[in-house]
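A.B. asks: Got a sequence here, can you build the structure:
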Amino acid sequence: MSDIIKGFSSLVASIFEIFKGIFTTAFGTVESALELVVGIFRNLFNVAEGFVGFILGNIFIIGTIAALKKEGLT
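C.D. replies: So this is what the prediction gives:
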């Protein structure tokens with residue numbers, strides 16, 4: 001009788017481990033998907049920030065050159 005109880009408890013423990021593995025895998029998959037979405041938005045904002053910085057830098061350079069030309073320094 002004791003062997004039957006040990007076998008049954010091992011079966012229950014194995015089933016529990018299977019469900020734990022399934023939930024751990026599902027959680028890891030969802031976590032990875034969320035990290036992917038956050039990473040995409042973060043990179044998108046970094047690209048937008050670089051683009052705006054590039055445009056503003058060019059505007060200041062063009063403005064400086066125009067001011068120098070107006071003063072006759074170039």
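A.B. asks: now the strands for this protein?
C.D. replies: For the chain, no strands are identified by DSSP state E.
A.B. asks: Spatially central residue in it, please.
C.D. replies: Gly39 (2.4 Å; C-alpha atoms, centre = their mean).
A.B. asks: which intervals of the chain have sub-threshold pLDDT?
C.D. replies: For the chain, the stretches flagged by pLDDT under 70 are 1, 74.
A.B. asks: re earlier: and the residue nearest to the centre of the chain, how far is that from Ser10?
C.D. replies: Using C-beta to C-beta, to the nearest Å, Gly39 is found at 42 Å from Ser10. Where you see a C-beta, it was placed from the backbone N, CA and C, and this is true even at glycine.
A.B. asks: Equivalent analysis for Ile18, please.
C.D. replies: Counting by C-beta to C-beta, the gap from Ile18 to Ser10 is 13 Å.
A.B. asks: Next: Gly28.
C.D. replies: Taking C-beta to C-beta, one finds Gly28 at 26 Å from Ser10.
A.B. asks: before we move on, what about Asp3?
C.D. replies: Distance check for Asp3 against Ser10: by C-beta to C-beta, it reads 10 Å.
A.B. asks: okay, the two: which has more neighbours?
C.D. replies: Ser10 (10 against 7; other C-beta atoms under 10 Å).
A.B. asks: Pull the contacting residues for the more buried one.
C.D. replies: Listed by C-beta atoms under 8 Å, 6 or more residues apart in numbering, Ser10 has no contact partners.
A.B. asks: And Asn58, by the same measure?
C.D. replies: Neighbouring residues of Asn58 by C-beta under 8 Å, 6+ apart: there are none.
A.B. asks: and if you look at the one 4 residues further on?
C.D. replies: Contact analysis of Ile62 by C-beta under 8 Å, 6+ apart lists nothing.
A.B. asks: And it, how far from Gly72?
C.D. replies: Between Ile62 and Gly72 the computed distance is 17 Å (C-beta to C-beta).
A.B. asks: what about the helices in the protein?
C.D. replies: Ranges of helices within the chain are 2-71, based on DSSP state H.
A.B. asks: Compute the number of surrounding residues for Val47.
C.D. replies: Neighbours of Val47 under the rule other C-beta under 10 Å: 10.
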